[in-house]
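>>> Give me the fold of what follows.
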Amino acid sequence: MANILVHNYLSPRIIEVLAPAIEITVQETVNLCKEWEQQVINLDDDPLISASGKEDLGGGVAVGISATLLNAKIAFSGRTAPVSAGLSCDTSDPEGRVFFDASADFISDGVYKGCTIFNNTTKAMSTVTEIRDLNTVAHFPLSGGSSDEWTVGDVATIYPSVQCSISGGNLVAVDADGESTPVVYPTANVQVVRTASSSATSLDIAAIQYASFNGGITVDTTSLFSGTRYPIGTPQEAVNNMVDAKEIASARGFVNYYLVGDITLDDNIDFTGDIFIGASKTKSLVNILDNADVTNSEFYEAEVIGVLDGGNVLKNCVVHSINYVNGYVEQCVLTAGDIVLGGGSQANFLDCWSGEAQASIPVIDMGGTGQSLSLRNYNGGLKIKNKTGPEEVMVDLNSGHIILDSTITGGTVVLRGIGTFVDNTTGTVSVVTSDLLNSHNITKDSWRANLTYIYLDIDSGISGTEYPAGTSGYPVNNIADAMAIAVQEGIKTVMVKGFITLPSSVAGWTFNAASKSETIIDLNNQNVENTVFKDITLIGVCNGSLYAEDCMFSNATNLKGIGFRCVLWGSLSIATTGQFNVHDAWVIDHSAVSIDFNNTGICVLTNVNANLEVINMADVDALFVRSGVGNITLGASNTGGTVLIAQDGLIIDEGYTNVVIADYTTQENVWRDSRALRTIGLAQENQFMDQAVYDSNSQLTSARIRLYDSAVNVGTDTGVIATYTVTSTYSGTELATYKVELL
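Next comes the predicted model:
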């Protein structure tokens, strides 16, 4: 509401409408003047105003108000504060039409069209017609100064130009002599517009008509009424076509259309920004044809089908097949059919449901590329297809099932909430389901929490790396997938079955099997350093020091490492460096096993009950230590090295030369050979380790190992037959090097 200040000392008196008010009605003027007159200090002054009218004529009609200012005028407070000050001209303009100040910011200052620009230097001024950028304004030609040009260095100020109004009745003014005089008293930078009434009555009839529309146009295509005369378009006489409805709405200032039944939007009508409100989702169907412009239009409580134009809102609707969706779809039921996104922007589906109880489900077509999708709190089934671009799809399920079609080839799809999904995507799509809760994922989390092995079954497994692949119920059928899943889950243990050829390094891994009769691994000359094998038949070329437990070595070559409770079969060969130790071993059907020493090999067999054939022991450093039951055959290919035996059996000479045979058939004699004692000791018999040093990751970096002549002396300084220093290095948490040195 406006406030006034009366300058009573002037004649005529000035009634100032105080800033920031820019509007006052005749009724307000009368009320404020009467309040001023009734103040005690003003009781002796002449009245400011007289007024008449407002008499009730019946039927909602009243006489219009008229007022006369008595020796008084109305003035709106002058707007003297500059919009932008302290300006300096940086570019001359002989035509006096463009002002440029490199340091100005006319946009932030709030300069607008109609402002007055004043040249403080020449006293010329003009009206701003355009704000071209931060530093430049255009205006009508300068005039009224000593020069009508802009010159570099001219100082300028820009003042506001405020338009004010007096409305709502008839207002006139008389001077002290009762003669007519202008109502408005001019003030700085203010324009006043007066709206006078030409009718003797007030506008209550127009207001009543306006109110009878209930804020919009009522449309019923079965109605008998067409045209634009009042009351057509009201609930009393619903208009029966959209052409007339649009004309009535434009004339009355409405954007709402109340739909009694079904409607088709066509005829190339511009419905931009209009709002369509149906009687209910079962009573009103809006069919939008391609030639109707519904940009930024909204639809409520109706079935909707057809072609949109972008920026739309659909709420509490039943959505059939529609094209070019972007904007918001809220609390809607989606039926079977394609909803096609478009417009290069995001489509938002909020709190929506599938309306299909059968196998057919709604489909959202992403329109190829350019559109993103935000689907929040969705319920029911939905298929998403035709996505090639990098944009993101975000789906939050309350309870539902999502099918990702094979035509989705790019971008990211994030599925969250409670529900299931089928992933048929192709290409480079990233499907993120880590926050999706369902029985599948619950089972997956339980499996992961108790994860011990990745399961591999060559003959009856499946391919792939997505859960449940690699579980006991769904083993994978190839070692590459098994190792990929294991790495993904942070373990290096695989339960295997079938015939497997190692494709690459498996250093540091563990492979278990239920039975060595069911599982064969071809070592294939791949790195098996520190690899553990259990209940597996091992064949092929060994590359590295392995550990085998309850395994079978069958025709394996280049062997190095340790075996416990193993079966020996066929022809075996020892690595030229390192050592191959086997404890508790046997053969099948008493068949002889051939062991090729590759000239320099070292092999220690303890408690091995088998007939053995030794070949190619040719170097002085070659060493064969054997305990157990069985014969040893030494052929002509054996021309050097040492054989230490403590066993029941025969040395069968088939032409060996220069081989030292140390036959210790009792424990007392065995202890006489220090090299044998050290070798057996390194197989961890009567061994003691102390002086251990660990790094910050609790990893052993050095220690001392001592070997003893009997178990009684272990850990003391008595009976020590050899002392070793152990040192090791690491790469992260994995062993890199391990060295044992004899002191």
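>>> is the residue nearest to Y159 when sequence neighbours are not counted in a bridge, and if so with what?
Sequence neighbours aside, T116 is the residue nearest to Y159 in space, at 4.6 Å (criterion: CB to CB, 6 or more residues apart in numbering). Any C-beta I mention is one placed from the backbone N, CA and C, and that applies to glycine too. Under DSSP bridges, the beta-bridge partners of T116 are T127, Y159.
>>> give me the number of residues near T116?
The number of residues packed around T116, counting by other CB atoms under 10 Å, is 19.
>>> Could you tell me which residues make contact with it?
Listed by CB atoms under 8 Å, 6 or more residues apart in numbering, the contact set of T116 reads 125-128, 158-161, 189.
>>> does G215 count as helix, strand or coil?
Using DSSP: H, G, I helix; E, B strand; the rest coil as the criterion, the local structure at G215 reads coil.
>>> re the thing from before, derive a ChimeraX selection command for the buried subset of the contacts of T116.
A single ChimeraX command is used to select the members of those judged buried by 16 or more other CB atoms under 10 Å:
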select :125,126,128,158,159,160,161,189
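>>> now the contacts of T116 as TSV including distance to L10?
Rendered in TSV, the data for the contacts of T116 read as follows (distance: CB to CB, whole Å):
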residue	distance to L10
M125	27
S126	31
T127	29
V128	32
I158	30
Y159	24
P160	25
S161	25
N189	21
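>>> now, among the contacts of T116, which is nearest to A662?
Distance ranking of the contacts of T116 against A662, using CB to CB, places I158 first at 112.8 Å.
>>> Quick check, the closest one in contact with G114.
No: contact status for I158 versus G114: not in contact, 10.8 Å apart, counting by CB atoms under 8 Å.
>>> where do the contact lists of these two overlap?
Applying CB under 8 Å, 6+ apart, one finds that I158 and G114 are jointly contacted by V128.
>>> thinking again about what came up before, could you work out the most separated pair of the contacts of T116?
Applying CB to CB across these, the maximum distance is between S126 and P160, 14.6 Å.
>>> can you pull the contacts of the closest residue to I263 other than its chain neighbours?
In space, and not counting its chain neighbours, I263 is closest to V286: 5.7 Å by CB to CB, 6+ apart. The neighbourhood of V286, defined by CB under 8 Å, 6+ apart, consists of 259, 262-263, 265, 276, 278, 299, 302-306.
>>> can you do 10 Å?
If you count contacts by CB atoms under 10 Å, 6 or more residues apart in numbering, V286 has them with 257, 259, 262-265, 276, 278, 294, 297, 299, 302-306, 314, 317.
>>> Kindly report the domain assignment for this protein.
Using automatic domain parsing, the domains assigned to the chain come out as 4-77+165-194, 84-159, 217-442, 444-682, 687-742.
>>> right, so of the ones you listed, which gets closest to A207?
Closest to A207 of those, according to CB to CB: domain 4-77+165-194, at 8.6 Å.
>>> now that closest one: how far from the chain's centre is it?
63 Å (CA atoms, centre = their mean, to the nearest Å).
>>> before we move on, what SS does the closest residue to A336 other than its chain neighbours have?
Nearest residue to A336 in three dimensions, chain neighbours excluded: S360, at 3.9 Å (CB to CB, 6+ apart). Reducing the assignment at S360 to three states with three-state DSSP gives coil.
>>> Do you know the pLDDT at S360?
pLDDT, the model's per-residue confidence, is 84 for S360.
>>> Which residue, other than its chain neighbours, is closest to N581?
V604 (4.5 Å).
>>> Please give the element, helix or strand, for the one you found.
Following DSSP states H and E, one finds V604 within strand 602-609.
>>> List the neighbouring strands of that strand plus their orientation.
Sheet pairing of strand 602-609 (DSSP bridges) gives strand 580-586 (parallel), strand 623-629 (parallel).
>>> just to revisit the earlier point, which stretch among the domains of the chain comes nearest Q209?
Minimum separation from Q209 across the domains of the chain (CB to CB) falls at domain 217-442, 5.7 Å.
>>> Quote the end-to-end distance of stretch 546-565.
14 Å (CA to CA, to the nearest Å).
>>> Which residues in it does the neighbour count mark as buried?
Within stretch 546-565, the residues that qualify as buried are 546-548, 550-554, 556-563, counting by 16+ other CB under 10 Å.
>>> can you give me the helices for the stretch 101-250 of the chain?
Secondary structure of the stretch 101-250 of the chain (DSSP state H, counting those that start in this stretch): helices located at 106-109, 204-212, 242-252.
>>> got it, and the stretch 551-700 of the chain?
Taking DSSP H, counting those that start in this stretch as the criterion, the stretch 551-700 of the chain carries its helices at 667-670, 674-682.
>>> Sweet, I'm off.
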